[in-house]
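pasting the structure only:
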Ligand SMILES: Nc1ncnc2c1ncn2[C@@H]1O[C@H](COP(=O)(O)OP(=O)(O)O)[C@@H](O)[C@H]1O
Ligand SMILES: [Mg+2]
């Protein structure tokens, strides 16, 4: 006899136990800076980091938004690798915010369980302190995406986000925001307008040039400051295929 069960709604996310993530090592191979620190890819992320440090000679705290024209160009992987290379420089504290609440993946790449995060924070259900999670990597903290809201656009309260970013900048040298694709959603251009800089991730050979230019225009229309491109997938060799250039 077959037993049919009604599909259950996913269990609601819980708050992250303090320091839970510090005991979970990051081992995924996409995190080249950690997984293969001598690789060309890792070196290229360090070059991207060096350009960012050079653009910021007085070492002011900065918020940097990572986006791309379309999905799957490597934003999340690039955000984490950039964060990993930033924390390699001495006394540099970094926090990564998973602002892609529709398609979150920061926890996925760090192999962490899904917990509450930005959604709950923006709804005022948890304080900032409860959303920030230390990781197993020294000086690298994250805020996960949290529950997928029914109406993600509604929770994007820019004043609230601005004040959260300001608070984080007092504590961290770099606040990196992983966001949805700029051609699909408004979030990146809105968030870009309140960030200090934007890095546009582009998968070479896949994203047509006009789409990249369109994304650039959209981001700049609202006053976003594009610092540069992070090109992924430039070479035929599989290993080097995801590095930034
Ligand atoms: N360095 C890498 N090594 C292997 N796969 C990668 C690497 N960078 C990205 N990818 C793959 O590309 C896909 C998209 O990457 P992701 O960063 O999640 O894109 P986005 O955040 O832009 O949607 C994923 O399947 C990921 O595994
Ligand atoms: Mg992503």
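Now that the structure is in, tell me what you want to look at. Just so it is clear, the structure is predicted and the values come from calculations on it, not from any experiment. Ligands and ions are numbered 1, 2, ... in the order given.

from here on, just use CA atoms for contacts and neighbour counts.
Will do.

count of neighbours near residue 28?
Residues near residue 28, counting by other C-alpha atoms under 10 Å, number 13.

so which strand or helix has it?
Assessed by DSSP states H and E, residue 28 sits outside every helix and strand.

pretty sure it sits against residue 35.
Yes. Under the criterion of C-alpha atoms under 8 Å, residue 28 makes contact with residue 35 at 7.0 Å.

who touches both of those two?
Common contacts of residue 28 and residue 35 (C-alpha atoms under 8 Å, 6 or more residues apart in numbering): none found.

and residue 231, its phi and psi?
Here is the backbone geometry of residue 231 (degrees, to the nearest 10): phi -90, psi 130.

near ligand 1, which residues of the chain? Just list them.
30, 71-77, 242 (C-alpha under 6 Å from any ligand atom).

mind checking which of those are buried?
The neighbour-count test (16 or more other C-alpha atoms under 10 Å) applied to the residues of the chain next to ligand 1 identifies 30, 71, 73-77, 242 as buried.

out of the residues you listed, what pair is the most spread apart?
30 and 71 (16.7 Å; C-alpha to C-alpha).

so the residue nearest the centre of the chain versus residue 188, what's the distance?
Closest to where the C-alpha atoms of the chain average out (C-alpha atoms, centre = their mean) is residue 178, at 2.4 Å. According to C-alpha to C-alpha, to the nearest Å, residue 178 and residue 188 sit 9 Å apart.

overlap in contacts of the two?
65, 67.

please identify the buried residues of stretch 182-200?
Across stretch 182-200, burial judged by 16+ other C-alpha under 10 Å covers 182-183, 187-200.

show me where pLDDT drops low in this protein?
1-2, 234-245 (pLDDT under 70).

any idea how far residue 229 lies from ligand 1?
13 Å (C-alpha to the nearest ligand atom, to the nearest Å).

what segments of this structure are helices?
Taking DSSP state H to define them, one finds helices in the chain at 32-35, 40-54, 75-86, 106-109, 118-122, 128-131, 152-155, 158-171, 187-193, 209-221.

between those, which one is nearest to residue 145?
Among those, the nearest to residue 145 by C-alpha to C-alpha is helix 118-122 (4.9 Å).
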